[in-house]
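Trainee: okay, here's the prediction I keep looking at, along with the sequence it came from:
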Amino acid sequence: MNESLLLGLLILLPGGLCAALGFGWLFGWKPTERPVTRLTTICYSLVLLVVAAMWWELLGNGKTQLSAVYGDWFHVGHYHFPLALWADFISLPLLTLSALLVFLVSVFSRRYIHRDVGFFRFFMLLNLFGAGILLFFAAGSFDLMIGGWEIVGITSVLLIAFFQHRDDPVLSALRVFATYRACDVGLLTGVVLMHIYVGTSEFTEILPNNIQQHTPLLGSAATITAFLLLLAAMGKAAQVPVSGWLPRAMEGPTPSSAIFYGALSVHAGAYLLLRAQPIIAASSFVSESIIVIGLLTALHATFVGRACPDAKNALAYASMAQLGIIFIEIGFGWQQLALWHIAGHALIRTLQFLRAPSMLHDHHRVHAAAGGHLGATGIYFESLLPQRAQHWLYRLALDRGHHDTFLDRFVVGPVLHLAGWMRRIEGKWVDYFGGNINGHHKPLATKAGVLTGQSSLLQNTESADV
Amino acid sequence: MSNHLLFGLLNLGIFVPLLAAFVVRKMAVVEQARRWTVYCLAFSFAALLCNSLSVSNAPNAQLSEPFSQWFLVDALNAIPLSLFAALCLGVAALVPKHKLTSQWLAGVLWLSATTCAAYAANNLLVFVLGWAGSLAPFLLTRMFAPPSNAVSETGAMVPGFSKIVLALSLASLCVGVGLLVIAVPGTSWEQALGLTLARAGNSTLLFAAFAFLMGAVVLRKGLFPAHSWVVTAFERGPLLPLTLLLNGHLGAFLVARIVLPLLPDEAHKAWPIISTLSLLTAAYVALVGLVERKPRRLFALVAISQSAFLLAGLESYSAIGIAGALVLWQVVAVSTVMLSSVYSGLEARLGVALEKDGFLGLAIGAPRLAVFFAAGGLALVGLPLTLGFPAEDLLLQGTLATNPYLGVVLPVVTAMNAFSVMRLFARLFLGKPVSAANHIADAVPRERWVLIAALLFLLFGGLFPSQPMRLPAIAAEKLMQSVSGSQHTANHR
């Protein structure tokens, strides 16, 4: 079978569906639930068939990878951006997992989001996410990975703000977006540095293959590049110290929490590191950093997760702990173990997230059936500690290890303080020149009282004044 | 190499809107004036697009018309010409009715004609006239003042401070061009005013010319510390015309068309200062944007910051960086016009209520406007699938390769701008809705069609970037050839 066709269909099917739904709506189509869900289900069924065909192609013909190069997406002078897709024994399991989980979540959401005002928006974003994550896992170069990575990030943020009529989800979404963008700087810069150091970011050139035994990125070039990729991976995988966004991301609807923060999006960082493993292996400093960060994250998440009062946050911290362990495995170079860990973790965590809304209801039912005598489960070794230490640790866990407080006080705070100071200076300078020279003394706000009354007249004046 | 364009389409593309401006200004019925404005700008756009297509068939040529040598089209200006006409057409078609007057529409026609004349200028004099003409509606008249019965006074007039800065940019340009002309004694006027003869000779005079020209660029583009005129003007002035003025990017065009080819040695000596200044502006303005609350000011800050990258790219002294800057030009122009169009539409619906602190939740009533705003904003900061992504990628490659320390600033600043755009989007469209949010009208058909066209441009450009990138890449190569050729000569001297 044609490798180019299979790999191309993998991206084109969800991408095309997303474009068709989106532009249909922009042109005035009023979508109902049934066609949207049916189209999504059909689309991901087809994607699953494509993935099955890819497995057949890979295993049946004894190949180690499927690859397709569609030429340069664009080029200027000696710089070119290759449009290359790739599936091997690292990416194909994750492609399968992505197609399967998006399919399952779309089926689950058909009833879960039923009659919600944001039904169409949810499915649009789910399809966009599907296209993004498949592009990310199927990318044949680090350049193209950025495309999928960013799409996953923006859909994640928009789904966190899904319940947009409340302020809290929106604030959480902004926080997550800020973290993502800050860490994405690492990916962008790292990939550009690959071009500067070795002139390409294609896997066939960067990673070891039949011709070259080692990655051409060595020494300080490998250290800098791998460190920047690690920064990006830390953001997406909620590793210490930028882990504070994950519990905030739970503001979104449960199906999106399942697929983003239990299954696929959080593992994108781990996959990036798996892909860049040969570069990481060339730098002992970065390998050790990954182990340390993973260890700290696992400890932090386990510790904080024990004090979480609600199911979704407890699951978020459980995910974070597993991600920390996956990072440790990657740091040690245990690629296969990390891959199996990702797949198993994604499946079990999706199940847990999707089960979370009905779990409490079931617990109450069982509790009542047992006559209110359902015993406590689990062993709490914290009780062996002195009482004061228990209290202190509990407070520490409740404040999530003071991570957000630390970041707010020592990173975000000073930046905003500096920006505020600059804005005040700017305001004085602008007022001095702008205000006096122009004679525009009356600020607009003073007219607001008069004008807001009039503005209400404009609210329904589509044909008259808009 | 010089070829001829057929049918006089270049002259018609420039002079039809210019003449129409005088006619439309006198029209009493505003909707009739809008119709005629749209027809004229559509014709201008079609004519200039034909010229662009002619250039794409002969990308290394400079095409001019047989009966007039005032204007030329080549790889550098082909896309800006048709793009600017398209932007003016879009703005004239979707501007809210309550802001509209015949004078306003005449102003857009005038702005389109004069800016395109500056782009197409075949000599320094025409360029100066185009530059001055594009400022005239803001400096000399109240063309963009809203009608006397307008609800909101937001956008009433361009502040005096901004007018002074713009006038100073014109004065600086005139002095710089004057010095350029007298720097080549013993040549004919035609040669002295021409754009082909690289200046050599009196180095003090040439450096003074360079300094004045760059002064004009700094003032017009709003580089630090002159960025304040843009912020003030956007806060108090007419948003859509000012967005068009800023998106003319005549400052960047001056660098690409005149400064780099005619004064390559001076530009080469000063490029670290200019690219540092550009990135400093981008960073400073992005940082201030993080705490800015007023939507119009925040919008201005993001627009300045992203526009400053253009100059950084042009001054990167690499074909990749220059091509990235020229592609980013298209992205910034289309995205910021999309953003300001949506914002103006919201102002028309809500008046000064938009200035209110906190979330407004307008997506409930206007979901399509929310989508257009989000898409335009994210394209501006380089979202994949849009043309912004390849533009940022090239720009980053170019600046990081030539100056790693400055290049690192670019992704950081883009991240800050992305956050500001997202914050603005969230503030306007998300959160607990204000009482009016449920009742406002979503995008009306004329808004929808124009904004869909802009979105399609950004998306198709992002999916198939080779086409919008082809001419900028050729222009960048030519620019690098002229600069490096001159540098080679200078080294020999």
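Mentor: Received the coordinates, thanks. Numbers count the residues shown, from 1 in each chain, chains lettered A, B, ... in the order given.
Trainee: now A:Pro309, what's its secondary structure?
Mentor: Assigned with DSSP: H, G, I helix; E, B strand; the rest coil, A:Pro309 falls in the coil class.
Trainee: residues from the stretch 201-350 of chain B in reach of chain A?
Mentor: B:228, B:231-232, B:236, B:284, B:287-292, B:319-320, B:323-324, B:345, B:348-350 (CB under 8 Å from any CB of the partner chain). Heads up, the C-betas are built off the backbone N, CA and C, glycines and all.
Trainee: repeat that with 7 Å
Mentor: B:228, B:231-232, B:236, B:284, B:287-288, B:290-292, B:319-320, B:323, B:345, B:348-350 (CB under 7 Å from any CB of the partner chain).
Trainee: which residues of the stretch 1-150 of chain B fall in helices?
Mentor: Along the stretch 1-150 of chain B, counting by DSSP state H, counting those that start in this stretch, helices occupy B:9-25, B:30-57, B:78-94, B:102-120, B:124-139.
Trainee: could you say what helices and strands the first one packs with?
Mentor: Contact partners of helix B:9-25 among helices and strands, from 3 or more CB pairs under 7 Å, 6 or more residues apart in numbering or on different chains; DSSP states H and E: helix B:30-57, strand B:68-73, helix B:102-120.
Trainee: hmm, 10 Å instead?
Mentor: Here helix B:9-25 touches helix B:30-57, strand B:62-65, strand B:68-73, helix B:78-94, helix B:102-120, helix B:124-139, going by 3 or more CB pairs under 10 Å, 6 or more residues apart in numbering or on different chains; DSSP states H and E.
Trainee: redo those as JSON lines? Include distance to B:Glu190.
Mentor: Rendered in JSON lines, the data for the helices and strands packed on helix B:9-25 read as follows (distance: least, CB to CB, whole Å):
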{"stretch": "helix B:30-57", "distance to B:Glu190": "23"}
{"stretch": "strand B:62-65", "distance to B:Glu190": "14"}
{"stretch": "strand B:68-73", "distance to B:Glu190": "9"}
{"stretch": "helix B:78-94", "distance to B:Glu190": "23"}
{"stretch": "helix B:102-120", "distance to B:Glu190": "17"}
{"stretch": "helix B:124-139", "distance to B:Glu190": "10"}
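Trainee: for chain A, find the nearest of these.
Mentor: helix B:78-94 (9.7 Å; CB to the nearest CB).
Trainee: give me the angle between that closest one and strand B:68-73.
Mentor: For helix B:78-94 and strand B:68-73, the angle between their directions (axes from the mean of the first three to the mean of the last three CA atoms, to 10 degrees) works out to 90 degrees.
Trainee: if we can go back for a sec, list only buried entries from the residues of the stretch 201-350 of chain B next to chain A.
Mentor: For those, a neighbour count by 16 or more other CB atoms under 10 Å in any protein chain shown gives the buried set as B:228, B:231-232, B:236, B:284, B:287-288, B:290-292, B:319-320, B:323, B:345, B:348-350.
Trainee: burial of B:Ser466, as a residue count?
Mentor: Counted with other CB atoms under 10 Å in any protein chain shown, the neighbours of B:Ser466 add up to 15.
Trainee: the spatially closest residue to it that is not a sequence neighbour: which element?
Mentor: Excluding its sequence neighbours, the residue lying closest to B:Ser466 (CB to CB, 6 or more residues apart in numbering or on different chains) is A:Phe74, at 5.2 Å. Element membership of A:Phe74, judged by DSSP states H and E, is strand A:65-76.
Trainee: again, but for A:Leu7
Mentor: Going by DSSP H and E, A:Leu7 is in helix A:3-26.
Trainee: is that helix anywhere near chain B?
Mentor: Yes: shown here: helix A:3-26 in contact with chain B (CB under 10 Å from any CB of the partner chain) through A:Gly15, A:Cys18, A:Ala19, A:Gly22, A:Phe23, A:Trp25, A:Leu26.
Trainee: what mean pLDDT does that helix have?
Mentor: The pLDDT scores in helix A:3-26 average 94.
Trainee: stretch A:406-418 now?
Mentor: Stretch A:406-418 shows a mean pLDDT of 92.
Trainee: check stretch B:403-413 too.
Mentor: pLDDT averaged over stretch B:403-413 gives 84.
Trainee: mind listing what's buried in stretch B:15-32?
Mentor: B:Val16, B:Pro17, B:Leu18, B:Ala20, B:Ala21, B:Val24, B:Arg25, B:Met27, B:Val30.
Trainee: now those residues as TSV including pLDDT and distance to B:Thr386?
Mentor: Formatted as TSV, these follow (pLDDT from 0 to 100; distance: CB to CB, whole Å):
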residue	pLDDT	distance to B:Thr386
B:Val16	96	32
B:Pro17	96	29
B:Leu18	96	33
B:Ala20	96	33
B:Ala21	96	33
B:Val24	95	34
B:Arg25	93	37
B:Met27	92	38
B:Val30	91	34
